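**Student:** sequence first, then the predicted structure:
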Amino acid sequence: VLCELINSLHGANKPIKTIKTSSMAFKQMEQISMFLKAAESYGVVKTDMFQTVDLYESKDLAAVQRTLLALGSLAVTKDDGNYKGDPNWFPKKSQENKREFSEGQLNEGRNVIGLQMGTNRGASQAGMTGYGRPRQIINNP
């Protein structure tokens, strides 16, 4: 099923040419490793991939789920028409949004004093006493 999934995301250029159903353990593990190799070539990051034994021996099914989530997110983000499911099932991966500023815009930004640098209005420390001294309350009638 995983091999058919990754083939459906590639369109006409299928990465797994022959999908064999077999009850032999070696053949099943070989199919899982073929899926993992094809998913990595599709763009899934190596750290998001599960190991073959995680699925075959049911060692870490959460890792399998993370891999499928990463694959779905990548398929939705590519938006090449091969993903046929609901795009709301998976979050889109962030994409580069490069901006170009003219020299005039950069110069205008140097003249702005941000509020992170402080302001000359509002609260001040006028009338504060030094550290360790009690506050003096004087009642002048």
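**Tutor:** Nice, I can see it.

**Student:** how near is residue 77 to residue 9?
**Tutor:** The gap separating residue 77 from residue 9 is 12 Å, by C-beta to C-beta, to the nearest Å. (Glycine included, C-beta is placed from N, CA and C.)

**Student:** higher neighbour count, the two?
**Tutor:** Shown here are residue 77 and residue 9; by other C-beta atoms under 10 Å, residue 9 has more neighbours (20 against 17).

**Student:** give the buried residues for whichever strand or helix holds that one.
**Tutor:** Using DSSP states H and E, residue 9 maps to helix 2-10. Judged by neighbour count using 16 or more other C-beta atoms under 10 Å, the buried positions of helix 2-10 are 2, 3, 6, 7, 9.

**Student:** repeat for stretch 45-65
**Tutor:** Across stretch 45-65, burial judged by 16+ other C-beta under 10 Å covers 48, 49, 50, 51, 52, 54, 55, 64.

**Student:** now the helix or strand just after the helix holding residue 9: buried residues?
**Tutor:** Beyond helix 2-10 on the C-terminal side, the first helix or strand identified by DSSP H and E is helix 25-42. Going by neighbour count (16+ other C-beta under 10 Å), the buried part of helix 25-42 is 28, 31, 32, 34, 35, 36, 38, 39.

**Student:** among those, which one lies nearest to residue 101?
**Tutor:** Here the nearest of those to residue 101, counting by C-beta to C-beta, is residue 39; it sits at 38.5 Å.

**Student:** surely that closest one and residue 50 touch.
**Tutor:** No - counting by C-beta atoms under 8 Å, residue 39 sits too far from residue 50 to count as a contact (9.7 Å).

**Student:** any shared contact partners between these two?
**Tutor:** Listed as contacting both residue 39 and residue 50 by C-beta atoms under 8 Å, 6 or more residues apart in numbering are residue 67.

**Student:** where does this structure have low pLDDT?
**Tutor:** Scanning the chain for pLDDT under 70 picks out 113-136, 141.

**Student:** that older thread, so which of the buried residues of stretch 45-65 are in helices?
**Tutor:** Taking DSSP state H, the ones among these that sit in helices are 52, 54, 55, 64.

**Student:** quick one on the thing from earlier: from the buried residues of stretch 45-65, which two are the most distant?
**Tutor:** Checking those with C-beta to C-beta, the most distant pair is 48 and 52, at 15.1 Å.
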